[in-house]
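K.L.:
Sequence and computational prediction follow.
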Amino acid sequence: MGGTSALLLWKLAQRERDLRDQLIQAEKLASIGTLASGIAHEINNPLYTITGLSEHLQDESRPEMVREYIEEIIAAGQRIAGIVQGLNNFARRPQAQDIGDIDLNHTLDEAVKMARRATILDQVQVVTEYVAVPPIRGKADELLQVFVNLVTNAVQAMEGKGTLTLATANVSGSIQATVRDSGPGIPHNNLTRIFDPFFTTKEQGKGTGLGLHIVRDIVTNYGGQITAESTLGLGATFTVKLPASPQPAS
């Protein structure tokens, strides 16, 4: 009986991990949906360049101009490829071999880059206050998802205008990252519920209510914690604390 119970518990734990991974993947795809219109715009710009230059090439006979047009077309194509590759890396399911050392400052920059590609940062001033921090052991795309969610939420709270401040620090043996916006703030009664599953203040159809819940789940799974603070009229601050990757003895 003991062996049967142990096997059942193992299967239940495995099933829970599988469901968690599926939930994270679903929310990741939902994040891409939120950014989709801006990303389409970002891809359209180099496409227009390629189309226009290709039309000019049909009537161009000067070798130096043909060479210049071709170089610009290649550069535009590489820009599109970079955008698509970035989306593929973000959207794909993480694998066990994806675990490695992660630079938190770089991850924050990548989250901002994704938001900027979606043009939701056009009227937002981004302030970075980074310090040198040790690496974090984990899956880069999972941590990227955490900060894409936090950055997107912050910009939406400010309605696309204001100041977004990203900071890192070394605090009591942990690495800390903060995402602070200058929006209207979060009411106290909502502040106690924002990490609950399916809780959202967004209009119907504009949010799953799972984003922050999954963010907390990912952070907790890394042995970390996430907290939120807010004063009405002064914005909100989300603080993520994560353990540093163990470093080999020198």
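P.N.:
Thanks, I have it.

K.L.:
Domain ranges for this structure, per the record?
P.N.:
The record assigns the chain these domain ranges, following automatic domain parsing: 2-91, 98-243.

K.L.:
Name the stretch among those domains that sits most buried.
P.N.:
A comparison of the domains of the chain by mean neighbour count, using mean count of other C-beta atoms under 10 Å, puts domain 98-243 on top with a mean of 17. Any C-beta I mention is one placed from the backbone N, CA and C, and that applies to glycine too.

K.L.:
Checking residue 227 next. Helix, strand or coil?
P.N.:
strand (DSSP: H, G, I helix; E, B strand; the rest coil).

K.L.:
repeat for residue 149
P.N.:
Look at residue 149: counting by three-state DSSP, its state is helix.

K.L.:
now the farthest one out in this structure, which residue is it?
P.N.:
Relative to the average C-alpha location in the chain, and by C-alpha atoms, centre = their mean, no residue lies farther out than residue 61, which sits at 46.2 Å.

K.L.:
where does residue 121 sit relative to residue 82, distance-wise?
P.N.:
Going from residue 121 to residue 82 by C-beta to C-beta, to the nearest Å gives 18 Å.

K.L.:
So which helix or strand of this structure has the lowest pLDDT on average?
P.N.:
Of all the helices and strands that make up the chain, the one with the lowest confidence by mean pLDDT, DSSP states H and E is helix 2-59; it has a mean of 69.

K.L.:
after that helix comes which helix or strand?
P.N.:
Along the chain past helix 2-59, the next helix or strand (assigned with DSSP states H and E) turns out to be helix 63-91.

K.L.:
what helices or strands is the helix or strand following that following helix leaning on?
P.N.:
With elements assigned by DSSP H and E, the helix or strand that comes after helix 63-91 is strand 99-102. Where contact means 3 or more C-beta pairs under 8 Å, 6 or more residues apart in numbering; DSSP states H and E, strand 99-102 is packed against strand 136-139, helix 140-157.

K.L.:
That's all I had, so thanks and see you.
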